[in-house]
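Provide a 3D model corresponding to the input given below.
(chains A and B)
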Amino acid sequence: MRALRYLLLALALGITVPALAQQGTPRGVVSAEELEAAALRQGGIIAGRHTIPDAAQANLIQPEGKAWRDFHNVTLAWVGGIAVLGMLGVLIMFYMMRGKVMVHGGMSGRTITRFNLLERANHWMVAGSFIVLGLTGLNLTFGRHILLPVVGPYTFTAISEWGKIAHNYLSFPFTLGIVVMLLLWAKDNIPGRLDIEWFKKGGGLVGKGHPDSKRFNAGQKMIFWITVLGGAAVAVSGYLLIFPFMGTDVSDMQLAHIIHALVSVLMIAAILGHIYIGSVGMQGAFDAMGSGQVDVNWAKEHHNLWTAEQLAKRPASGAPGAQAKPAE
Amino acid sequence: MARMKFLCDADRCIECNACVTACKNEHEVPWGINRRRVVTINDGKPGERSISMACMHCTDAPCAAVCPVSCFYTTADAIVLHDKDLCIGCGYCFFACPFGAPQYPRVGNFGGRGKMDKCTYCAGGPQEDNSRVEYTQYGANRIAEGKLPLCAEMCSTKALLAGDGDMIATIYRERVSKRGYGSGAWGWRTAYRMTVGG
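The predicted model follows:
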């Protein structure tokens, strides 16, 4: 009688009564084991209704946390470890084989302005925050294996807690700096025909001689776009994590963390290469971001087309052997 | 030593939320923190079931596996606890937990999380048993007094069972064979990689 009433109701409303209602106990058949097994296979969530304000608590069982755990403990540890240590190894080997890239013509003592104060300040704002962000980020994955046994649990917690606060707050100067970088340098970093030639010749670091280059060569353009696009990816995914459950659920945050972590470790590897070339790897390169004044001979060798353009506008400052002065 | 577990018999749970209230009261859990909750699946439809859920004190606990500061530990009774003096409130345990058990008080700016809070199986924390500081940080330690978790102890329909895993599984199996139906032990496949015949 009851089944008939259900059937008539279903027909009247044009809906199908789930098969569950017509078999088993009057309350329908539900199996925890089957639901959990299905959720585990399909990456689903068993969710329902509840009466507390925290919406995230409606998820009853969510076995997909397993996938995130495997990513964090296995995949990320390997990818991050290989990317960072591998890059350090490559750089050390490269330095031993190639040595420091010298200015062939020797230093002239005359300089031209490569980066103005705004460009340098912005670069160091991004660089400074990136180093802290990178180290505190790596600490969350590797710290407990490397640092925790050395410093002990309470010191390690103090470091990690301050690291978390620094990581959250330094994201703001980092993001601002990335935007300013895009505005300052995007126009000089548009890929062109010269870049293909540059790659064919292996650039100034790997190959012999110096291919033609405007303000930025193809290698620098790569670093620029890795920084800007990678920086955008870590900023967006990072802010989703800084503001938990604001427009995201736990699956979104797991995905945001995966993107954030993978892009970050790859960026750290790329920036290690950038730091190498800008410091011990190449004579005269650091001045560009240090004093902003680069030696004319360095500029001619590494950025011949740009140097010619600059010298046509304004002669180099300082006589040979004299102290470099700002161009302004 | 026993292997402590929770088992919620969903065919008995009447969604009265007394377990939730008892837990909040016993441990003076702050606003916004829910160590235990009742979720109703298939609400208003055939197959509706209410399940009381908290930390399941998993075997090979995912929270402990991903914690960047290794603040978790497992007691001799297989209860998964954590040290709030070590927790940095990163939220990783929530990402890994299949039961949404870890809770965080909102502190400071943005979504700043404070130290994680979760069901302790009424077993307190690493501080001295039943000391004032243990109570403030983790709530009551009924296990140290030889008592079981309050949520299960005062469940009016005895839907929520707490105790040694083998013992409560046996009780549940007897119920199922007697009444002829049962939806199974919720979360057991995920938490302990085992099932109790439904």
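
how much space is there between the most centrally placed residue in chain A and residue A:258?
Central residue check for chain A by CA atoms, centre = their mean: the C-alpha nearest the mean position is that of residue A:264, 3.3 Å away. For residue A:264, the distance to residue A:258 (CB to CB, to the nearest Å) stands at 11 Å. Yep, even glycine has a C-beta here, placed from its N, CA and C like the rest.

what's the answer for residue B:92, then?
Noted for residue B:92: a distance of 12 Å to residue A:258, by CB to CB.

more crowded one of those two?
More crowded of residue B:92 and residue A:258, by other CB atoms under 10 Å in any protein chain shown: residue B:92, with 23 against 18.

any idea which helix or strand carries residue A:307?
Secondary structure assigned from DSSP states H and E places residue A:307 in helix A:304-313.

residues of that helix that come out buried?
Judged by neighbour count using 16 or more other CB atoms under 10 Å in any protein chain shown, the buried positions of helix A:304-313 are A:306-307, A:310.

Where does pLDDT dip in the stretch 201-328 of chain A?
A:204-209, A:318-328 (pLDDT under 70).

Show me which residues of it are close to chain B?
For the stretch 201-328 of chain A, the residues in contact with chain B (CB under 8 Å from any CB of the partner chain) are A:241-246, A:250, A:253-254, A:257.

Show the buried residues in these.
Of all these considered here, the ones buried according to neighbour count by 16+ other CB under 10 Å are A:241-242, A:244, A:250, A:253-254, A:257.

Just those residues: which are in helices?
If you go by DSSP state H, these have A:241-242, A:250, A:253-254, A:257 in helices.

okay, these in TSV with distance to residue B:79 next?
Listed next are these as TSV, based on distance: CB to CB, whole Å:
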residue	distance to residue B:79
A:241	30
A:242	32
A:250	24
A:253	27
A:254	26
A:257	28
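
who's residue B:49 bridged to?
In this structure, residue B:49 has the following beta-bridge partners (DSSP bridges): residue B:41.

Any idea how many residues pack against it?
Neighbours around residue B:49, by other CB under 10 Å: 24.

dump the residue contacts of it.
Contacts were defined as CB atoms under 8 Å, 6 or more residues apart in numbering or on different chains; by that measure residue B:49 touches A:30, B:10-11, B:13, B:40-42, B:183.

distance of it from residue B:182?
In this structure, residue B:49 lies at 11 Å from residue B:182, with CB to CB as the measure.

cool, residue B:42 as well?
Residue B:42 is 16 Å from residue B:182, by CB to CB.

ok, residue A:184 to residue A:115 distance?
Looking at residue A:184 against residue A:115, where the rule is CB to CB, the gap reads 9 Å.

who has more neighbours, the two?
When neighbours are counted by other CB under 10 Å, residue A:184 and residue A:115 differ, and residue A:115 comes out ahead with 20 against 16.

which SSE is that one in?
Secondary-structure assignment from DSSP H and E places residue A:115 in no helical or strand segment.

just the one 5 residues further on next, same as before
When secondary structure is defined using DSSP H and E, the element that contains residue A:120 is helix A:117-146.

Buried residues of that helix, list them for me.
By neighbour count, and taking 16+ other CB under 10 Å as the criterion, the buried residues in helix A:117-146 are A:119-120, A:122-123, A:125-127, A:129-130, A:133-134, A:136-144.

and the residues of the stretch 201-328 of chain A next to chain B as TSV, adding distance to residue A:80?
Written out in TSV, the entries for these read as follows (distance: CB to CB, whole Å):
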residue	distance to residue A:80
A:241	17
A:242	21
A:243	25
A:244	23
A:245	26
A:246	27
A:250	23
A:253	19
A:254	17
A:257	13
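
so which of the residues you listed would you say is closest to residue B:81?
Top of the list for closeness to residue B:81, among those and by CB to CB, is residue A:250 at 22.6 Å.

ok, now which ones touch that closest one?
By CB under 8 Å, 6+ apart, residue A:250 lies in contact with A:56, A:59, A:62, A:65, B:94-95, B:100.

Could you single out the nearest of these to residue A:91?
For the contacts of residue A:250, the residue nearest residue A:91 by CB to CB is residue B:95; the value is 33.3 Å.

got the contact list for the closest residue to residue B:192 other than its chain neighbours?
Excluding its sequence neighbours, the residue lying closest to residue B:192 (CB to CB, 6 or more residues apart in numbering or on different chains) is residue B:59, at 5.1 Å. Contact analysis of residue B:59 by CB under 8 Å, 6+ apart lists B:78, B:191-193.

now, which of those lie within helices?
Within the contacts of residue B:59, membership in helices is found for B:191-192, as judged by DSSP H.

what's the closest of the contacts of residue B:59 to residue A:42?
The shortest separation between residue A:42 and any of the contacts of residue B:59 is 18.1 Å, and it belongs to residue B:193 (by CB to CB).

Tell me, how many residues neighbour that closest one?
Counted by other CB under 10 Å, the residues lying close to residue B:193 total 10.
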